[in-house]
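[1] Let's see this in three dimensions:
(one chain, ligands or ions: 1)
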Amino acid sequence: MNISNATSIAFHDYHPKPADFFVEVIDGLLHCPRSIPPKFFYNERGSQLFEQITGLPEYYLTRTEQGILEKNAEEIARIVGRNCLLIEPGSGNCEKVRLLLDALQPQTYVPMDISRDHLRKAAVNLSADYPWLDVHASCIDFTQPLDLSFCPPDSQRVAFFPGSSIGNFEPDSATRFLAQVADVVGPGGGMLIGVDLKKDRCILDAAYNDTTGITAQFNLNLLQRINSELNADFDLNHFTHHAFYNEQKGRIEMHLISQLRQAVHIEQHTIEFTKGESIHTENSYKYTIEEFQALAIRAGFIPVYLWTDADALFSVQYFEIPAC
Ligand code: AVJ
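    Residues are numbered from 1 along each chain as shown. The predicted structure follows:
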């Protein structure tokens, strides 16, 4: 533990345009079929609920990925290489990267997040525990083109994208996103990415339908948030959580289902729901190893190495861009 206050970080503010919650919610709700983007799950309460989800017995993703990173840290470091410049798009609380830092010993760590205050706090906390690490926090929307001009141009750049966050992207936009990552890390650069795998649908269905109902609360919190931030009148007792594995599309879908015919008001808008009508709130794509490698190859990456757990529930995959 570092007891001095001497830690300092570099902070780069790219002034990302905050999402317009009202416009995006109205847009999605007036669209047919109705939907709300999953990025809006994560207000304070939503982030707390997600934390709880990661500890649920049914939700194998987080703990399995963590196990893979812990168990293979040394080998990962050998294959990824030490002294790199490590970039993490959507770094959140900068907790997961800690599993890697000691083994990887990167020179520089660039956490990127749209949430300015959380980013600053997380980067300062991390820096206090890793005084040897050069931390360049970058406040940026990670789906926008990334700019790393402040970084030393010579070190190998490696992107870290854990948690199967890539599962929230439609496969085509996942390819586009990875192509942007490929651009940022450049020739000779790498990407270490956590990808949830296709498996027995009972395991998948259970992971998004926990018996304690935390995932249901997480989903319904979206309506609560719309009520409190957009002055709406969703009755949370009249919508229910519905999550299932869509085998044909290879994804978990989360929905909120209207239990009756009802009207909901958001500012000047009135939205009429029929009984059984859904609001689609999230897709979480699952891949086979081969499917994900093909996707990464389309983005310009070459598969180098991968790690899974004994039950092949989850994968941590390493790719590189050929050096030119
Ligand atoms: C954060 C997108 C990886 O898809 O498993 C968890 C979000 N939704 N339970 C996932 C989530 C419902 C999670 N990701």
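[2] Quick check: Ala216 vs the ligand, distance?
    According to C-beta to the nearest ligand atom, to the nearest Å, Ala216 stands 10 Å off from the ligand. C-beta here means a position set from N, CA and C on the backbone, and glycine is covered the same way.
[3] elements contacting the helix or strand that residue falls within?
    Using DSSP states H and E, the secondary-structure element containing Ala216 is helix 214-230. In terms of contacts (3 or more C-beta pairs under 8 Å, 6 or more residues apart in numbering; DSSP states H and E), helix 214-230 is packed against helix 21-30, helix 44-54, strand 239-246, strand 251-258, strand 278-285.
[4] Off-centre distance for the third one?
    Just to be clear, that refers to strand 239-246. Relative to its chain's centre, strand 239-246 lies at 20 Å (C-alpha atoms, centre = their mean, to the nearest Å).
[5] for that strand, packing partners?
    In terms of contact count using 3+ C-beta pairs under 8 Å, 6+ apart, strand 239-246 is assigned the packing partners helix 201-207, helix 214-230, strand 251-258.
[6] hmm, try it at 10 Å
    helix 201-207, helix 214-230, strand 251-258, strand 278-285 (3 or more C-beta pairs under 10 Å, 6 or more residues apart in numbering; DSSP states H and E).
[7] can you list contacts of the first one?
    The list of residues contacting helix 201-207 from outside it, by C-beta atoms under 10 Å, 6 or more residues apart in numbering, reads 53, 56-61, 196-200, 215, 243-247, 251-252, 284, 286, 311, 313.
[8] Show me what counts as buried in it.
    Leu204, Ala206, Ala207 (16 or more other C-beta atoms under 10 Å).
[9] again with the third one
    Residues of strand 251-258 classed as buried under the neighbour-count rule (16+ other C-beta under 10 Å) are Arg251, Ile252, Glu253, Met254, His255, Leu256, Ser258.
[10] Can you list the strands that that strand pairs with?
    strand 239-246 (antiparallel), strand 278-285 (antiparallel) (DSSP bridges).
[11] Residues contacting whichever helix or strand comes after it, please?
    Next helix or strand after strand 251-258 toward the C-terminus (DSSP H and E): strand 262-266. With C-beta under 10 Å, 6+ apart as the test, strand 262-266 has contacts from 22, 25-26, 29, 223, 226-227, 230-235, 238-239, 258, 270-275, 277.
[12] and those residues, which are buried?
    For the contacts of strand 262-266, buried by 16+ other C-beta under 10 Å: 22, 25-26, 29, 223, 226-227, 232, 234, 238-239, 258, 271, 273, 277.
[13] Just the closest of those residues to Met191, please.
    In terms of C-beta to C-beta, no member of these lies closer to Met191 than Val25, at 32.4 Å.
[14] bridging residues for whichever residue of the chain sits closest to the ligand?
    The nearest approach of the chain to the ligand comes at Ser284, 3.2 Å away (C-beta to the nearest ligand atom). With DSSP bridges as the criterion, the beta-bridge partners of Ser284 are Ile252.
[15] quick one: pLDDT of it?
    Per-residue confidence at Ser284 stands at 98 (pLDDT).
[16] Stretch 88-107: how far from the chain's middle?
    With C-alpha atoms, centre = their mean as the basis, the distance from the averaged C-alpha position of stretch 88-107 to the chain average is 14 Å.
[17] Dump it to CSV, keeping only the CA atoms.
    Taking Å, rounded to 0.1, in the frame of the first residue of the first chain, the C-alpha atoms of stretch 88-107 are listed here in CSV:
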residue,chain,number,x,y,z
GLU,A,88,-8.3,-0.1,-21.7
PRO,A,89,-11.4,1.3,-23.4
GLY,A,90,-14.3,1.6,-20.9
SER,A,91,-12.0,1.0,-18.0
GLY,A,92,-14.7,1.7,-15.3
ASN,A,93,-13.3,1.2,-11.8
CYS,A,94,-10.0,0.0,-13.2
GLU,A,95,-10.3,-3.1,-11.0
LYS,A,96,-9.9,-5.9,-13.5
VAL,A,97,-6.7,-4.6,-14.9
ARG,A,98,-5.0,-5.1,-11.5
LEU,A,99,-4.9,-8.9,-12.2
LEU,A,100,-2.6,-8.2,-15.1
LEU,A,101,-0.4,-5.3,-14.0
ASP,A,102,2.0,-7.3,-11.8
ALA,A,103,2.6,-9.9,-14.4
LEU,A,104,2.6,-7.7,-17.5
GLN,A,105,4.6,-4.8,-15.9
PRO,A,106,3.5,-2.3,-18.6
GLN,A,107,5.2,1.0,-18.9
